[in-house]
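*Asks:* Mind looking at a prediction? Sequence and model below.
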Amino acid sequence: MCSIRPAQISDLNAITEIYNEAIRKTTATFDTEPKTEDEQKAWFHSHGRQYPILVAESNGIVVGWASLSKWSDRYGYSGAAEISFYVKQEFQGKGIGRKLIEAMISEGKRVGLHTIIARIAEGNDASIHLAESFGFCHIGVMKEVGRKFGRLLDVHLMQKIYLDDDNDL
């Protein structure tokens, strides 16, 4: 069983471990160097009420996390955020990513966002399918914008626009 809750600073080591695993092993992020404790603290503190961080916890262990991040520093983009989520490798395929995305979509609505944008690297078909299942639409492909593991990779842009009714999940 897995529960979703707001992240606390005490979760930062687990969040960093999960993210650094993705940096080292996957194309889910185009970061190529593991993050330091200081870098992650700055990242954590750059989030807040408008840009929450959630964790998935199983038996008292953080096994995944998700965040909404500022899409742009320009004020005109204040109703938009980028969603990110990562699940510890041995816990993938168990519905944890689905729970994180569902909770994060609810959080985005709660804080008054108009839209959430996802950037998903080619080859991450499970993430694309998951986003589609929550109503994210394909809005484009950025060709060869990322480089990882010696390859140039496309990035799929997907977007969810909140509707005015309660049935947009």
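*Replies:* Nice, thanks for sending it over. In this text, all values refer to a predicted model and were calculated from it rather than measured experimentally. Numbering: from 1, shown residues only.
*Asks:* How about the residue nearest the centre of the chain, nearest residue that isn't a chain neighbour?
*Replies:* In the chain, the centroid-proximal residue (CA atoms, centre = their mean) is S84; its distance is 1.0 Å. Residue nearest to S84 in three dimensions, not counting chain neighbours: S67, with 5.2 Å by CB to CB, 6 or more residues apart in numbering. In short, each C-beta sits where N, CA and C put it, glycine included.
*Asks:* that's a strand at that neighbour, yeah?
*Replies:* Yes. With DSSP: H, G, I helix; E, B strand; the rest coil as the criterion, S67 is assigned to a strand.
*Asks:* Next, count neighbours for it.
*Replies:* Using other CB atoms under 10 Å, S67 has 24 neighbouring residues.
*Asks:* tell me the SS of the residue nearest to the centre of the chain?
*Replies:* Look at S84: counting by three-state DSSP, its state is strand.
*Asks:* what's the helix or strand where G108 lies packed up against?
*Replies:* G108 belongs to helix 96-110 when elements are defined using DSSP states H and E. Applying 3 or more CB pairs under 8 Å, 6 or more residues apart in numbering; DSSP states H and E, one finds that helix 96-110 contacts strand 3-6, strand 53-58, strand 61-70, strand 80-87, strand 115-121, helix 125-133.
*Asks:* Same list (these) but as CSV, adding distance to V155 and mean pLDDT.
*Replies:* Listed next are those as CSV, based on distance: least, CB to CB, whole Å; pLDDT from 0 to 100:
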stretch, distance to V155, mean pLDDT
strand 3-6, 26, 97
strand 53-58, 22, 97
strand 61-70, 16, 97
strand 80-87, 12, 96
strand 115-121, 5, 97
helix 125-133, 11, 94
